[in-house]
Structures are given as C-alpha cells and as structure tokens.
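Engineer: Have a look at this prediction, sequence included:
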Amino acid sequence: MKTLLTVISLVFVLNINASFGNDQTTFTDYITSLENLKDKKLRKIIITEIREYMRRFPEAGNLSEMQFKIATIYHDSENEARSFFSHIEILYLYPESNAVAVSKDRIRSILVQEKKFKEMAAQIEPIIVPAASGLQKEEACFFFLKTMTDLQFKEIRNPLKRGYLNYLQRYPNSENASTIIFWLAELLVDAQDAYEGLAQFQKIAYLYPSSTHVSISKLQTAKIFNKKLKEPQKAILAYEEFLLEYPNDPQAGYAQFQIAKINEKEKKKYLEAIEAYSAVAQRHPKSVEAVPALFEAARLYEDKFKEYDQAIRVYTEIVRDFPEDIKAPHAYAEAARIYEKRLKDYFNAANVYFKIYGHYPNSTIAAESLFAAAGLNEDKLQDYDKALMYYRFVVDKYPNHKLTKRANKRIEKISKKMVSE
C-alpha cells in the first residue's frame, strides 16, 4: 500500500513538472516506468496518462504504439467492450501500424469467446477492413465513430461516448461537430441520461442553426419532455414550436399526432385530442399518421362521448378521402360494427358490410364482411333472398375460405326453409 501511495504521489509530481515543459521523451519514460511496476492497480492511471500524452503530443510518431498500450491493458484486464473498441480504433486511425494484425486477431477472439458479441460476428469483416483509406486524421476519426455508431451495440456505449467527447475536444470547429453532438445526445438518452441528452439537442438548435440536425433535434427534445421527463405540457409546446417552424417537414404529421396523443393519454382532454387527431389528416394528409389519427378520433367519439353518428362520419371520411389506404376497408367495418352493435341499425350495418366486399373484394376482411351481411339479412332483417345471394357470393368468390363450409350450410338451411313455406 505504501508503494502504491508513493507511485501515485510520483504521478502527481510528474504531472506538475510536465505542465511546465513539453518533453515528449520524458513523458514516454514516465509512462514506461509505471508499466514496469507491473501493478494492476495502476492500470487506470496508466491509461489516463497515455491519453494525456496523446493529447499533448498529437503529432508524435508513437501514437499508434500508445493506443495499442491502452487496448492491451483493456485486453489483459478482460474488459471486452473497451478492448473491442480500442482495437478497432487502431485499425481506423493507425492503419499502417504494426499492431493492426494483432488487433484484428484480438477482435475476432472477442467475437468467438463472448456471447454478447456473437451477434456481430457476421458483419465484423467489413468493419475490421475499413472501406475508406488514406483519410486525414479528423476524417478517419469521424469515419471510425460513424462505424461504431451504426453498430447500435450497447456494450460499447461508454467508450463510444468518450470517443465523441474526444473528437469534439480535438476538432471543435469540425463541420461534423453537430453530427457528433447529435449522436452523443441520442446515446445519452438511450442510456437514461435524459437531461444530458436534452442539453445536447438544445446545443445543436442554438449553436449550429444551419445544421441539418436542427429540426430532428427539436423533435427529439419534445420526445424527451414527453417520454423521459413526463412533462406533457412542455412536450406539447415543443411539438407546436416544431410545427410552427417546420410545417412541411416529413415528421410534421408525427408531431401533430403526438400532440393529440398527449392530450388524450396524459391530460385527458378528449375533445382537444379529437381536434388534434383530425388536424393530422387535414394538414398532413400524406403522412403515415393521417389515417391512424382519424381512427383514433372516431374511437374517442364512440368511447368517450357516445357520439356514434360522429364516429361513423369519421370512418366514412377515411374511405372517402383515403380510398386506397390499406385500412380503408377496416374503416367501413368499424362503421358497420357501430350500426350493428351500438345503434341496432341492422339495415345500414348489412349495407356497409356488403360495401366492403363491393369496394374491396381482395381485402383480408372481404369474406368475413360478406358473411356478416348475409347473417344480418337472415337473422335480423328476414330478407332470405338477399341472405342467400350473399352466402352464395362467399362460396363462389372465396371457395377456400374457412367460412365457405358455414355459408354452404346456411344456404342449405335457408333453401329448405323457403321451400317449406
């Protein structure tokens, strides 16, 4: 213990002395002296001092050797995530280093031996053989961080965070700075550092106003307020600000949908939610949220206000305004269900069920809807001729459907009944 304290004291003294000079050789000898002590408790200190050396002497000729020392320490201490990250860093930033072959072998060994890394085995060869070559150090560093970011591998989250921060420290004026900050913000949010992530997204919006990441950063800010910080009113304000600044953004429909969802789920303001859901289709009809938003509005009319006619109106508008949407026949089905179950209006229910078959004969619910129309005409309306016709449509148009046998039985039963009468 006394020896370790003496060494740490020596580290402190040498750091002070180094601050008054710029002796690369002395600093290298100092790091070597720590290594020669062969004390595992010094590993973190050695890594810290190596990084300090690399920061002070960015043009030194032995940087690849220093990076390999860091990677080896992580390798020897069985810190697989940092070892993996550090060895790949050698491949990208020091492709001419003599350590490249060893680094590749160690990376492959990690993938084979560690279960949590095996999912990456199939894609590792393109990763350890970088497609880009001959890059300047800043470009190579960015390319490396992009590759690591694209992996979306949680095990390397901590070293990746350090990589982002190091890049921003080394290249504060880089044209890629806002991209690095954006990746950092996403990583922080994923790691449950919501406030840190929020600050980084805000930094992009205020310090890099011309960045392509500004709009999505503002959208992410709203998401954080809603999902992470549970502050629905701030989330709504952030989404509204996004819509005001970027009304034609591809994500505008999503932002409007989220406002409606917050009003419904968090604030329990159902009328405002309906208005916001309706606004999605009105203002952003080409968005993927347009039809789902109308379904939500119709559902609220039915469930919260018992305004069944209004719900039917919205479902009918879906078919009218979005006739080619995959959900259009389902909108008809919902309207028919309300006529049947809520209003007991079997005539209109049967007619709407039949419209599904008439307008969307290839829909996944066409046969079921036709069968339902036949059943209502048989059981509720006593229109046996129409019921027979619809059952026969099921048999003729959908011979392999599971309802075909039942339709045949109903045809037989109704036919006998009509003969007996």
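Structural biologist: Perfect, I can see it now.
Engineer: what residues does stretch 53-60 touch?
Structural biologist: The contact list for stretch 53-60, computed with CB atoms under 8 Å, 6 or more residues apart in numbering, reads 18, 22, 24, 27, 28, 31, 63, 66, 67, 169, 170. To be clear about C-beta, it is placed using only N, CA and C from the backbone, and glycine gets the same treatment.
Engineer: I should have written stretch 385-401 there, sorry.
Structural biologist: By CB under 8 Å, 6+ apart, the surrounding residues in contact with stretch 385-401 are 354, 357, 361, 366-367, 370-371, 373-375, 377-378, 403-404, 407-408, 410-411, 414-415.
Engineer: switch to 10 Å and redo it
Structural biologist: Where contact means CB atoms under 10 Å, 6 or more residues apart in numbering, the residues beyond stretch 385-401 that reach it are 350, 353-354, 357-358, 361, 366-379, 381, 383, 403-415, 418.
Engineer: Would you pull up how far that stretch lies from the middle of the chain?
Structural biologist: 45 Å (CA atoms, centre = their mean, to the nearest Å).
Engineer: Equivalent analysis for stretch 399-419, please.
Structural biologist: Mean C-alpha position of stretch 399-419 versus that of the full chain (CA atoms, centre = their mean) differs by 49 Å.
Engineer: Buried residues of it, list them for me.
Structural biologist: Applying a neighbour-count criterion of 16 or more other CB atoms under 10 Å, the buried positions in stretch 399-419 are 401, 403, 404, 407, 410, 411, 414.
Engineer: Check stretch 157-170 too.
Structural biologist: When neighbours are counted by 16+ other CB under 10 Å, the buried residues of stretch 157-170 are found to be 157, 159, 160, 161, 163, 164, 166, 167.
Engineer: so which helix or strand takes in the third one?
Structural biologist: Using DSSP states H and E, the secondary-structure element containing residue 160 is helix 157-170.
Engineer: Give me the next element, helix or strand, following that helix.
Structural biologist: Going down the chain from helix 157-170, the next helix or strand is helix 177-190, by DSSP H and E.
Engineer: In JSON lines, list the buried residues of stretch 399-419 along with secondary structure and pLDDT.
Structural biologist: Compiled in JSON lines, these are given as follows (DSSP: H, G, I helix; E, B strand; the rest coil; pLDDT from 0 to 100):
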{"residue": "401", "secondary structure": "coil", "pLDDT": "96"}
{"residue": "403", "secondary structure": "coil", "pLDDT": "96"}
{"residue": "404", "secondary structure": "helix", "pLDDT": "96"}
{"residue": "407", "secondary structure": "helix", "pLDDT": "96"}
{"residue": "410", "secondary structure": "helix", "pLDDT": "95"}
{"residue": "411", "secondary structure": "helix", "pLDDT": "95"}
{"residue": "414", "secondary structure": "helix", "pLDDT": "94"}
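Engineer: What lies in contact with stretch 104-112?
Structural biologist: Counting by CB under 10 Å, 6+ apart, residues outside stretch 104-112 touching it are 71-72, 74-75, 78, 80-81, 83-88, 90-91, 99, 116-122, 124-125, 127-129.
Engineer: Okay, and which of those residues map to strands?
Structural biologist: The strands in this structure, assigned by DSSP state E, contain none of these.
Engineer: Please flag which of the residues you listed sit within helices.
Structural biologist: Among the contacts of stretch 104-112, the members falling in helices (DSSP state H) are 71-72, 74-75, 80-81, 83-88, 90-91, 124-125, 127-128.
Engineer: out of those, which are buried?
Structural biologist: Buried among those by 16+ other CB under 10 Å: 71-72, 74-75, 80-81, 83-88, 90-91, 124, 127-128.
Engineer: Tell me the spacing between the residue lying closest to residue 93 once chain neighbours are set aside and residue 108.
Structural biologist: In space, not counting the residues next to it along the chain, residue 93 is nearest to residue 140; the distance is 5.4 Å by CB to CB, 6 or more residues apart in numbering. Going from residue 140 to residue 108 by CB to CB, to the nearest Å gives 22 Å.
Engineer: neighbour-wise, which of these two wins?
Structural biologist: Taking other CB atoms under 10 Å, residue 140 and residue 108 do not tie; residue 140 has more neighbours (19 against 14).
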